[in-house]
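In: Show me how the following folds:
(chains A, B, C and D)
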2 protein chains.
Amino acid sequence: MAQGMDKASLGELHMLVEHVGPLHAGDHVFRVGDPFEAIAAVRAGTVKTYIIDANGREHVLGFHFPGEVIGLDGIDGDTYPCNAVALDTVMLCRFSFPKISVLAGKLPGLQQHLFRLLSRSIGRAALLAGDWTADERMAAFLIGLSRRLEARGFSPDRFQLTMARTDIANYLRLAPETVSRVLKRFQRDGMIAVDRRELELLDRVQLETLAGPVLRS
Amino acid sequence: MAQGMDKASLGELHMLVEHVGPLHAGDHVFRVGDPFEAIAAVRAGTVKTYIIDANGREHVLGFHFPGEVIGLDGIDGDTYPCNAVALDTVMLCRFSFPKISVLAGKLPGLQQHLFRLLSRSIGRAALLAGDWTADERMAAFLIGLSRRLEARGFSPDRFQLTMARTDIANYLRLAPETVSRVLKRFQRDGMIAVDRRELELLDRVQLETLAGPVLRS
DNA sequence: CGACAAGTTGAACTCTGTCAATCCGGGTGG
DNA sequence: CCACCCGGATTGACAGAGTTCAACTTGTCG
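Out: Numbers count the residues shown, from 1 in each chain, chains lettered A, B, ... in the order given. Coordinates of the predicted model:
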């Protein structure tokens, strides 16, 4: 959140930051319909955002790692349009939106930053939008995770799948069975090693080739 | 673009608006890699946004009608991330982004408006994101067009499909053949009357029922 | 009138979802 | 400490929606 901001901005930001946590697996950060007051940056752990449609089916919207911001889609409206739940032990920072919005008027740097943050989110849906095959989706998902974790200082080649298989399936719009089969095939072909939630990327080149069209779209 | 803004804001806006057009079918508004300088509001006609992926395949991102804004996804970066092409005769207004951004710092109303505009775009991908059937996608597409056109003062029941079948197919992530078959079936079932690019919605209720889960997601 | 692009139609195939059975690991209680 | 259970995960068989490929039709424009 703070990268690219000058010291003065950071000083002012301090006053409107509220540290929250720890939350535990299953705890909600916010729910659909809660009054929108703040956006939040994940400091530790994984947050899943999702909605329940009219038929009672869950739709996973995304997974959010340390350094990433949740709640942006609430800006257009006075309540949150989705639920956010902790998948493991989560720490976060809440930024009061009314306050940060006023401050943005005074600090062009912050305004710019918020604009960019919002704009970036618009392009995010590529993975879900295309008519990609199950293999392409899964490869893109893994590479995406890897890159985001690496950008946050974690190992890009070895990490935990903090979310359940059913969550991955739901997010990628695949059946859980398909997720199983694809992961198994990826392992058979030497591209990954997976054991329960533990994942290792063995052939990043081939994965990126598969994921290529999805990520560069 | 202007709704909800006071008179003073409008006066200041005037100075940074540039009227562009007419563009003709096939003319580009901007292309991938063009320096990002401005967002634009469509005043007349239809604009298609799309990208070409690494394999040279086109992906249609959206269709934009009078009153709608294009170029928002360029804010994060110094070049446009997609192409925008006129599908028929198009008129538009360009808003210099650096200028509007500075102005937004002085006018909280405008800033708020931009935030909302951006935020709203984030949720737009629903039609493409879900694993909907071809029928649901097409129904949602038609109802979506109808509603947007109605909001802009056009007839909601009778309108032109200004885009080619292949564009619709590409946008909905279906094969062109599937688009043909679905439209034909919709017509056989009395839900629409379609002749070339001319479309009439005959049974809005049934279409909305079909589209329901997609639109309410 | 003829040629080309866009659209439509038909038939075969393929990927993925569905359903059902089975496996596995972690937690529980005896 | 070990047998038992339960939910998530895996595996297999099958069916169906949609793609693909190819042929054909229609409309448009020179």
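In: any residues touching the longest helix seen in chain A, and which ones?
Out: For chain A, the helix with the greatest residue count under DSSP state H is helix A:134-151. Residues from elsewhere that reach helix A:134-151, judged by C-beta atoms under 8 Å, 6 or more residues apart in numbering or on different chains: A:63, A:65, A:67-68, A:127, A:132, A:155-157, A:159, A:168, A:171-174, A:178-179, A:181-183, A:185-186, A:192, A:199, A:201, A:204, A:207-208, A:210-211, A:213-215. To be clear about C-beta, it is placed using only N, CA and C from the backbone, and glycine gets the same treatment.
In: for residue A:171, phi and psi?
Out: phi -60, psi -40 (degrees, to the nearest 10).
In: my read: it touches residue A:63, true?
Out: Yes - taking contacts as C-beta atoms under 8 Å, residue A:171 lies within contact range of residue A:63: 7.2 Å.
In: Please report the distance of the residue positioned nearest the centre of chain A from chain B.
Out: Centrality entry for chain A: nearest residue to the mean C-alpha point is residue A:64, 2.7 Å, by C-alpha atoms, centre = their mean. Per C-beta to the nearest C-beta, to the nearest Å, residue A:64 is found 14 Å from chain B.
In: before we move on, back to that, show me whatever sits in contact with both of residue A:171 and residue A:63.
Out: residue A:163.
In: Spell out which parts of chain A neighbour DNA strand C.
Out: A:133-135, A:173-175, A:177-178, A:196 (C-beta under 7 Å from any atom of the strand).
In: which of those count as buried?
Out: A:134-135, A:173-174, A:178 (16 or more other C-beta atoms under 10 Å in any protein chain shown).
In: And the furthest pair within those residues?
Out: A:135 and A:173 (13.9 Å; C-beta to C-beta).
In: Flag the shaky bits of chain A, pLDDT-wise.
Out: Per-residue confidence for chain A (pLDDT under 70) gives these ranges: A:1-15, A:121-127, A:217.
In: Show me which residues of it sit near DNA strand D.
Out: Near DNA strand D, when you scan chain A using C-beta under 7 Å from any atom of the strand, you find A:131, A:164-166, A:176-177, A:179-181, A:183-184, A:194.
In: Sort out for me which of the contacts of helix A:134-151 are in strands.
Out: A:63, A:159, A:192, A:199, A:201 (DSSP state E).
In: Tell me the one of those nearest DNA strand C?
Out: Within the ones in strands among the contacts of helix A:134-151, distances to DNA strand C taken as C-beta to the nearest atom of the strand reach their minimum at residue A:199, with 15.3 Å.
In: shouldn't that closest one be in contact with residue A:163?
Out: No - shown here, residue A:199 and residue A:163 do not form a contact pair, counting by C-beta under 8 Å, at 11.4 Å.
In: For stretch A:62-82, what is the distance to the chain centroid?
Out: 10 Å (C-alpha atoms, centre = their mean, to the nearest Å).
In: Can I get that stretch as CSV, trimmed to CA atoms?
Out: What follows is stretch A:62-82, C-alpha atoms only, in CSV (Å, rounded to 0.1, in the frame of the first residue of the first chain):
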residue,chain,number,x,y,z
GLY,A,62,-10.3,-14.3,-5.3
PHE,A,63,-7.6,-15.1,-2.8
HIS,A,64,-5.6,-12.3,-1.2
PHE,A,65,-2.1,-12.5,0.2
PRO,A,66,0.0,-10.2,2.4
GLY,A,67,0.4,-6.8,0.7
GLU,A,68,-2.8,-7.0,-1.2
VAL,A,69,-5.9,-4.8,-0.7
ILE,A,70,-9.4,-6.0,-0.2
GLY,A,71,-12.7,-4.1,-0.2
LEU,A,72,-12.0,-1.9,-3.3
ASP,A,73,-15.2,-3.1,-5.0
GLY,A,74,-17.2,-1.6,-2.1
ILE,A,75,-16.3,2.0,-3.1
ASP,A,76,-19.2,2.1,-5.5
GLY,A,77,-22.0,1.7,-2.9
ASP,A,78,-22.4,2.0,0.8
THR,A,79,-22.2,-1.7,1.6
TYR,A,80,-19.7,-4.4,0.8
PRO,A,81,-20.8,-6.5,-2.3
CYS,A,82,-18.9,-9.6,-1.2
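In: how about it: buried residues?
Out: In stretch A:62-82, counting by 16+ other C-beta under 10 Å, buried: A:62-76, A:80-82.
In: all helices in chain A, in order from the N-terminus.
Out: A:7-14, A:97-106, A:108-123, A:126-129, A:134-151, A:165-172, A:176-188, A:204-215.
In: Please identify the residues of chain A in proximity to chain B?
Out: A:51, A:53-55, A:59, A:72-76, A:81, A:101-102, A:104-106, A:108, A:111-112, A:114-123, A:125, A:128-131, A:173, A:212-213, A:216-217 (C-beta under 8 Å from any C-beta of the partner chain).
In: ChimeraX command to pick out the buried ones of these?
Out: Applying 16+ other C-beta under 10 Å to these leaves a buried subset, and the ChimeraX line that selects it is:
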select /A:59,72,73,74,75,76,81,101,104,105,111,112,114,115,117,118,119,120,121,122,123,125,128,129,130,173,212,213,217
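In: wait, residue A:53 sits on residue B:212?
Out: No - using C-beta under 8 Å, residue A:53 is not in contact with residue B:212; the gap is 9.9 Å.
In: need the contact list for the residue nearest to the centre of chain A.
Out: Taking C-beta under 8 Å, 6+ apart as the test, what residue A:64 contacts is A:42, A:46-49, A:70, A:84.
In: Tell me what the nearest residue to it once chain neighbours are set aside is bridged to.
Out: Once flanking residues are discounted, residue A:64 sits nearest to residue A:47: 4.4 Å by C-beta to C-beta, 6 or more residues apart in numbering or on different chains. Taking DSSP bridges as the rule, residue A:47 bridges to residue A:64, residue A:86.
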